[in-house]
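[1] sequence and predicted model, in that order:
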Amino acid sequence: MTAVPHPTTRSAPRWAHIATWVLQVGLAAMYLMSAVPKFLGDPTVVAGFAAIGFGPTGMAVIGVLEVLGAVGLVVARLAGVAAAALAALMVGAVLFTLAGPDPAAVVLPAVLLVLDAVVAWVRRDRTAELLRSVRG
């Protein structure tokens with residue numbers, strides 16, 4: 001099987017490729033930092049999740065999804081899929097934040113949503129290649 005060339009890495013300038021990796025690593029760090037208080041049961045985070053109707057199990061599930069997404073962002077072959085999944089997670093975060101007690105807090109999940117979407121778009125060729133390899 002021959003490898004499909006990655007137009008995003010071959011036709012883009014080197015600085016763009018590096019900038020995308022820096023963005024991916026930065027996003028991964030943000031998601032890991034966001035997951036830690038969920039696993040530690042930080043009272044503020046617990047209260048925030050309770051306000052939107054999520055208990056400790058829902059909070060832990062979100063934390064696990066954030067960690068898995070963070071790992072996926074730094075694995076070249078998975079970065080596009082991980083970014084798309086995290087963008088979907090952030091759609092939910094934006095909606096729940098807007099409906100919650102502090103709608104002004106929507107800025108961070110909205111920014112993360114946009115940045116995840118950028119990475120998903122830039123890495124779309126790798127995502128397509130991954131899907132082709134899974135299908136056989």
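    Cool, the structure landed.

[2] can you give me the strands in the protein?
    Here the chain has no strands by DSSP state E.

[3] centre-most residue in it?
    Centre of the chain computed as the mean C-alpha position; nearest residue by C-alpha atoms, centre = their mean is L86, 2.9 Å away.

[4] so that residue touches P109, yeah?
    No - between L86 and P109 there is no contact under C-beta atoms under 8 Å: 10.5 Å. The way it works is simple: take the backbone N, C-alpha and C, and place the C-beta from them, glycine included.

[5] rewinding a little: next up, the contacts around the residue nearest to the centre of the chain.
    Contact partners of L86, counting by C-beta atoms under 8 Å, 6 or more residues apart in numbering, are L27, Y31, E66, G69, L73, L112, D116.

[6] can you count the residues close to A88?
    For A88, the count of nearby residues is 16 (other C-beta atoms under 10 Å).

[7] quick one: it and V71, what's the gap?
    Going from A88 to V71 by C-beta to C-beta, to the nearest Å gives 17 Å.

[8] for K38, same thing?
    Taking C-beta to C-beta, one finds K38 at 16 Å from V71.

[9] try G41
    22 Å.

[10] likewise for L108?
    21 Å.

[11] what residues sit buried inside stretch 63-79?
    Neighbour counts over stretch 63-79 (16 or more other C-beta atoms under 10 Å) mark G63, L65, E66, V67, L68, G69, A70, G72, L73, L78, A79 as buried.

[12] using CSV, write down the CA coordinates of it.
    Taking C-alpha atoms only, stretch 63-79 is exported to CSV below (Å, rounded to 0.1, in the frame of the first residue of the first chain):
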residue,chain,number,x,y,z
GLY,A,63,-12.5,14.5,31.8
VAL,A,64,-11.7,11.2,30.2
LEU,A,65,-12.8,12.5,26.8
GLU,A,66,-10.5,15.6,27.3
VAL,A,67,-7.5,13.4,28.1
LEU,A,68,-8.1,11.1,25.1
GLY,A,69,-8.5,14.1,22.9
ALA,A,70,-5.3,15.7,24.2
VAL,A,71,-3.4,12.5,23.5
GLY,A,72,-5.0,12.3,20.0
LEU,A,73,-3.9,15.9,19.2
VAL,A,74,-0.2,15.0,19.6
VAL,A,75,-0.4,11.7,17.6
ALA,A,76,0.0,12.8,14.0
ARG,A,77,-2.3,10.2,12.5
LEU,A,78,-5.1,11.0,15.0
ALA,A,79,-4.8,14.8,15.3
